[in-house]
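*Asks:* Based on what follows, work out the 3D shape:
(4 chains)
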There are 2 protein chains.
Amino acid sequence: MQIGDLSRAAGVNIETIRYYERIGVLPRAARQVNGRRTYSQDDARRLGFIRHARDLGFDLADVRTLLALQEQPEASCEDASRIAQAQLEAVESRIARLQSLRAELTRMLTECQNGVVAQCRVIEALNG
Amino acid sequence: MQIGDLSRAAGVNIETIRYYERIGVLPRAARQVNGRRTYSQDDARRLGFIRHARDLGFDLADVRTLLALQEQPEASCEDASRIAQAQLEAVESRIARLQSLRAELTRMLTECQNGVVAQCRVIEALNG
DNA sequence: CTACAACCTGTAGCGACTACAGGAGCAAGG
DNA sequence: CCTTGCTCCTGTAGTCGCTACAGGTTGTAG
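*Replies:* Predicted coordinates for the structure are as follows:
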């Protein structure tokens, strides 16, 4: 399996895969004689793990930690749940924040009568 | 009022104020004889406007447009409400996405018994 | 033999800051 | 008068997580 296949299989951009290798989130891929990268099923699983973690909002530092943990099956999973817990809290505070943004935006828009800028509640609200 | 005062008054980092000037979101500030920037109340209001818009999640391109609109009181505020409407939709889809992340994180965490990585639901969920 | 696709490395760009380095100006205390 | 320390200046580089080239090689199909 070469990089294009992996890219399609995992739904991750080729450039992103090379980027992950460059920064060491993925190990240096094995090469064919022509210099092209080859990947195993294991590599694909690792990339899937990364992608899923990224989709859940973990940053690459967290991903590194989670990957390292995953490779020590006998270690305590305390670290993993601590990271997930922190991420959950971050997500919850982002939700709360976005909900208040939504409220303010909605208020701005319902008060705007679509007239002239001088009377526009959207602009006025931003000046408040 | 010099830059430090404005920074404290508006709650915006000094470097950020200079950055806004550099990219033209703020006009080039008037200078004292010694070369230091001076700001008026008007400048402070403009910065407040920017900050508020940024807090609402508008990007600097939107901010530029909103600032330009604000300075044409007789123009139609249609553009302003279109931008706010788009922002509202973006906020709503971010909320939806974060709510599903929260659900998945919560599920991961409630299933994790804080044992060993090999049985950890957090790690397992990321592999799924 | 010629296209053209897929790959390679290396570097630069994005947005919105943030953090220096290296210097100048200014007020207060000794 | 001199030093200390604060604020300011410009200019450049770093952050994060990619993404997009440029310029080259290799492989495949007609």
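*Asks:* helix/strand/coil for the residue most central in space within chain A?
*Replies:* Centroid check for chain A by Cα atoms, centre = their mean gives A:R54 as the closest residue, at 3.2 Å. At A:R54, secondary structure determined by DSSP: H, G, I helix; E, B strand; the rest coil is helix.
*Asks:* Just give the nearest non-adjacent residue to it, would you?
*Replies:* A:V63 (6.6 Å; Cβ to Cβ, 6 or more residues apart in numbering or on different chains). Glycine gets a C-beta too; all of them are placed from N, C-alpha and C.
*Asks:* again with A:I123
*Replies:* Nearest residue to A:I123 in three dimensions, chain neighbours excluded: B:Q70, at 5.1 Å (Cβ to Cβ, 6+ apart).
*Asks:* count of neighbours near the residue of chain A found nearest DNA strand D?
*Replies:* Going by Cβ to the nearest atom of the strand, DNA strand D is nearest to A:D59 of chain A, at 2.8 Å. For A:D59, the count of nearby residues is 11 (other Cβ atoms under 10 Å in any protein chain shown).
*Asks:* Also A:E92?
*Replies:* Quick note: A:E92 (other Cβ under 10 Å) scores 16 neighbours.
*Asks:* okay but A:T106 is in contact with B:V91, surely?
*Replies:* No - between A:T106 and B:V91 there is no contact under Cβ atoms under 8 Å: 9.5 Å.
*Asks:* what's the first-to-last distance across stretch A:13-29?
*Replies:* One end of stretch A:13-29 sits 16 Å from the other (Cα to Cα, to the nearest Å).
*Asks:* Give me the buried stretch members for that stretch, please.
*Replies:* By neighbour count on 16 or more other Cβ atoms under 10 Å in any protein chain shown, the buried set for stretch A:13-29 is A:T16, A:I17, A:Y20, A:V25, A:L26, A:A29.
*Asks:* Closest one to DNA strand C out of those, please.
*Replies:* A:A29 (6.8 Å).
*Asks:* Tell me who's in contact with that closest one.
*Replies:* Residues near A:A29 by Cβ atoms under 8 Å, 6 or more residues apart in numbering or on different chains: A:I3, A:E21, A:R37, A:T38, A:Y39, A:D43.
*Asks:* got those residues as CSV, with pLDDT and distance to DNA strand C columns?
*Replies:* Formatted as CSV, those follow (pLDDT from 0 to 100; distance: Cβ to the nearest atom of the strand, whole Å):
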residue, pLDDT, distance to DNA strand C
A:I3, 97, 4
A:E21, 96, 8
A:R37, 97, 3
A:T38, 97, 8
A:Y39, 97, 9
A:D43, 95, 12
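*Asks:* Filter those down to just the ones in strands.
*Replies:* A:R37, A:T38 (DSSP state E).
*Asks:* So among the contacts of A:A29, which ones count as buried?
*Replies:* Neighbour counting by 16+ other Cβ under 10 Å classes A:I3, A:R37, A:Y39, A:D43 among the contacts of A:A29 as buried.
*Asks:* just checking, A:R121 touches A:C112?
*Replies:* Yes - with contact defined as Cβ under 8 Å, A:R121 and A:C112 form a contacting pair (4.5 Å).
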